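**Student:** Structure of the sequence below:
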Amino acid sequence: MTEDTESMVLELLRRMRPSMERMELEMQDIKSRMTGIEISVSQMPGQLAAQSLRLDRLEERIGRIERRLDLVEHH
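**Tutor:** Numbers count the residues shown, from 1 in each chain. Predicted coordinates for the structure are as follows:
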């Protein structure tokens, strides 16, 4: 390479450095956000199971109330 070409390449690399540093910071932020999303998603099955259990208990209680009040048609 000629000296001019080398200096042009070095200048170009110097100009690129701030952009690369910003991209590194943005990638760190994206990784942090993704980790938060992964944690939230991994907790969803447990939350859904808890809601399902609560609904099952409510259904059971409503059934008992209907039977006590004789609101259920007997087949």
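
**Student:** Name the helix or strand for the spatially most central residue of the chain, please.
**Tutor:** With distances taken as Cα atoms, centre = their mean, residue 37 lies nearest the centre of the chain, 1.9 Å away. Element membership for residue 37 (DSSP states H and E) is helix 3-68.

**Student:** So for that helix, mean pLDDT?
**Tutor:** For helix 3-68, mean pLDDT is 96.

**Student:** tell me how far it is from the chain's mean position?
**Tutor:** Remark: helix 3-68 is offset 3 Å from the chain centroid, using Cα atoms, centre = their mean, to the nearest Å.

**Student:** Also stretch 52-72?
**Tutor:** That offset, for stretch 52-72, works out to 35 Å (Cα atoms, centre = their mean).

**Student:** what does it contact?
**Tutor:** Contacts to stretch 52-72, defined as Cβ atoms under 8 Å, 6 or more residues apart in numbering, come from no residue at all. For glycine as for every other residue, the C-beta is placed from the backbone atoms N, C-alpha and C.
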